[in-house]
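S.K.: could you look at this predicted model? Sequence included:
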Amino acid sequence: MDKMFTVRLSSDENAVEILDQTLLPNRVEYLRLETPEELFEAIHSLRVRGAPAIGVAAGFGMYVAARSICFDERERFFGALEETGNYLISSRPTAVNLSYAVKRMLDRAMGFGRAEALPLLKAECNAIYNEDRAMCRAISELGLTLVKDGDGILTHCNAGALAATEYGTGLGTLLLGKELGYNFHVYSDETRPLLQGARLTAFELLSAGIDVTLICDSAASLLMKQGKINAVFVGCDRVAANGDTANKIGTRSAAVNARYCDIPFYVFCPSSTIDFSCKSGADIVIEERDGSEITSLFYEKSVAPEGVKCCNPAFDVTEAELITAIVTEKGICRYPYTESLSALFKGG
Ligand code: MRU
């Protein structure tokens, strides 16, 4: 990822700049998003994606939007900013980092007129970005205590720097490990239907010089049985108070297979992805996406008969009891998570 970045504030502070991930791995192109509508489109169509990266983009987007609001008076200014925030949150429902970042920005602006709020908002969006970097680094270091040199690691979707900042979460241990001299054998699920594993994880790990093998999602079970996988590493989009974890569709299959084969299944989770207001996974809204992503998005011609019904949930929820550990920046939590997450983040 030399010199590449996933998301940042433009130097003139009038835009959010993102790497357009829909073009990877074939083209590395950046976009300048100046309006909430452009940012909404970029998040909805996964030009910028991955829970932490969406949160960071929303933080910068709220600051850019605040600069363009023309009322200074506190109530009208806040009302306009809140409207933008609600609009951005509606671009993708499952990753909590989006509403987390918007809420932080709104809390910061509350009670101030535009002129007073702008410097506070700038500091807040930069803090969201810098905290994400620090959390990713801490999570990656803790992850290294769970594996040993030479291990085979299965990963699903993309939870690297493209999905966050710098190291990312689920791939952070692998990227940091490489820098420290570890040699992991990584198996990347292609991740149907949007192929984040093929397009993004394989690209990111290859660029870092990591030994990565791309597999169909359905091959993971066999590789586990063959003893090639020592651990499963995934990121997450929303973790409920009891540890139930929403992540990319197919994550739960990997967890069920791992449990059957007695392979540890680890979730890498910055605290910005924990939603204590969700008691369990039943409270998590699962994003449904268009069926054309299954039938035709990546194919010259549709691979399914015209008119076929499609069901395309973008995420699933892995039950807490299937998760060996949740690795956060503050420490590693074990089941039962209602107690361990609360002890770590709420002091009991
Ligand atoms: O639909 P996507 O590509 O945004 O889904 C991303 C994932 O499911 C990631 O695993 C998750 O956001 C964690 S990223 C650190």
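M.R.: Happy to help now that I have it. Numbers count the residues shown, from 1 in each chain.

S.K.: the stretch 151-300 of the chain: strands as residue ranges?
M.R.: With strands called from DSSP state E, counting those that start in this stretch, the stretch 151-300 of the chain shows them at 152-155, 185-189, 211-215, 231-234, 238-240, 245-248, 265-268, 274-275.

S.K.: could I get those strands in TSV, plus columns for distance to the ligand and mean neighbour count?
M.R.: Heads up, the C-betas are built off the backbone N, CA and C, glycines and all. Output for the strands of the stretch 151-300 of the chain, formatted as TSV (distance: least, C-beta to the nearest ligand atom, whole Å; neighbours: other C-beta atoms under 10 Å):
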stretch	distance to the ligand	mean neighbour count
strand 152-155	9	24
strand 185-189	11	24
strand 211-215	16	17
strand 231-234	6	26
strand 238-240	9	29
strand 245-248	3	29
strand 265-268	7	26
strand 274-275	13	22
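
S.K.: could you dump these into TSV with distance to residue 52 added?
M.R.: Below are those laid out as TSV (distance: least, C-beta to C-beta, whole Å):
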stretch	distance to residue 52
strand 152-155	16
strand 185-189	19
strand 211-215	21
strand 231-234	14
strand 238-240	12
strand 245-248	13
strand 265-268	10
strand 274-275	12
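
S.K.: tell me which residue of this protein lies closest to the ligand.
M.R.: residue 235 (2.7 Å; C-beta to the nearest ligand atom).

S.K.: quick check: which of the strands of the stretch 151-300 of the chain is nearest to residue 66?
M.R.: With C-beta to C-beta as the measure, strand 274-275 is the member of the strands of the stretch 151-300 of the chain nearest residue 66 (25.1 Å).

S.K.: which bits of the stretch 51-200 of the chain sit near the ligand?
M.R.: Proximity of the stretch 51-200 of the chain to the ligand, by C-beta under 6 Å from any ligand atom, involves residues 51, 52, 95, 157, 159, 163, 164, 168, 169, 196.

S.K.: name the nearest of these relative to residue 307.
M.R.: Nearest member of those to residue 307, counting by C-beta to C-beta, is residue 196, at 27.8 Å.

S.K.: touching, that closest one and residue 160? I think so.
M.R.: No - counting by C-beta atoms under 8 Å, residue 196 stays clear of residue 160, with 9.8 Å between them.

S.K.: of those two, who's got more company?
M.R.: Counted by other C-beta atoms under 10 Å, residue 196 and residue 160 do not tie: residue 160 has more neighbours, with 30 against 27.

S.K.: and the pLDDT at that one?
M.R.: Listed pLDDT for residue 160 reads 97.
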